[in-house]
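>>> After the sequence you'll find the predicted model.
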Amino acid sequence: AWYWFVLIVTGYSMFCTFARTSLLATAVFLMLYFIGRRKGEIGKRVLILIAFLGLLVFVLYITGAYQYVLDIMIRPEAGSTGRVDRWKLLLGRYLDGNIFLGGNSNNDIMPHNTYVHMLLAGGIVMVTFFLILYFKIFKRILFILRHDREYGVFFLSLFISYVCIASLTETVMPVASPAN
């Protein structure tokens, strides 16, 4: 089907960039999709997935390729790149401002978290609208799931992956300085 081509190209692009968050989101998507795409036999698919991951780890260890994966892709020395410290600092700024309407997005620090950025930019009001949007999308996905399991699981897996990745990445919302 058409979406396999999209997945292959996207997966290859992310693998080439070594973007850890994107790789994690893709892994979450593929696992959810693989497990849920057909009714029944979910336990069997989970066991197959665990066996595959175990075999992958074993092969990486035996061949010595695990060091490459560790050094190049996982990069443990990079840690969280200061995300947790940023979130604490920025949430402190949010609590010092207008919690309902935000307006604290003119920072010298990018939060690397869509949800923190929304709180800063638009407060509880913006987050509420965003949660309503999430709910409407989720409802639509459930509708699709009832009528076409394969497409429904595809979109549900994609949605869950997005929700996860949005908590670890820069936002697409613009950060603008007020006009002087």
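Structure's in. What do you need?

>>> Sort out which residues of stretch 10-26 are buried, please.
Across stretch 10-26, burial judged by 16 or more other CB atoms under 10 Å covers 11, 14, 21, 22, 23, 25, 26. For every residue, glycine as well, the C-beta is placed using N, CA and C.

>>> Hmm, I typed the wrong one, I wanted stretch 123-139.
By neighbour count on 16+ other CB under 10 Å, the buried set for stretch 123-139 is 123, 126.

>>> what ranges do the strands span in this structure?
With strands called from DSSP state E, the chain shows none.

>>> which of the buried residues of stretch 10-26 sit farthest apart?
Within the buried residues of stretch 10-26, 11 and 21 form the most distant pair, 14.1 Å apart (CB to CB).

>>> want to throw the buried residues of stretch 10-26 into JSON lines with distance to residue 114 and pLDDT?
Output for the buried residues of stretch 10-26, formatted as JSON lines (distance: CB to CB, whole Å; pLDDT from 0 to 100):
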{"residue": "11", "distance to residue 114": "22", "pLDDT": "70"}
{"residue": "14", "distance to residue 114": "18", "pLDDT": "70"}
{"residue": "21", "distance to residue 114": "12", "pLDDT": "71"}
{"residue": "22", "distance to residue 114": "14", "pLDDT": "71"}
{"residue": "23", "distance to residue 114": "18", "pLDDT": "72"}
{"residue": "25", "distance to residue 114": "13", "pLDDT": "75"}
{"residue": "26", "distance to residue 114": "18", "pLDDT": "73"}
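
>>> Looking at those residues, which one is closest to residue 119?
Out of the buried residues of stretch 10-26, the member with the shortest distance to residue 119 (by CB to CB) is residue 21, at 19.8 Å.

>>> Model confidence at the residue nearest to that closest one when sequence neighbours are not counted, what's the number?
In space, and not counting its chain neighbours, residue 21 is closest to residue 168: 4.6 Å by CB to CB, 6 or more residues apart in numbering. Per-residue confidence (pLDDT) for residue 168: 72.

>>> And for residue 48?
Listed pLDDT for residue 48 reads 73.

>>> With residue 140 instead?
Note on residue 140: pLDDT of 94.

>>> which ones are touching it?
Listed by CB atoms under 8 Å, 6 or more residues apart in numbering, the contact set of residue 140 is empty.

>>> go again using 10 Å as the cut-off
When contacts are counted by CB atoms under 10 Å, 6 or more residues apart in numbering, residue 140 is found next to 152, 155, 159.

>>> repeat for residue 82
Residues near residue 82 by CB under 10 Å, 6+ apart: 89, 109, 112.
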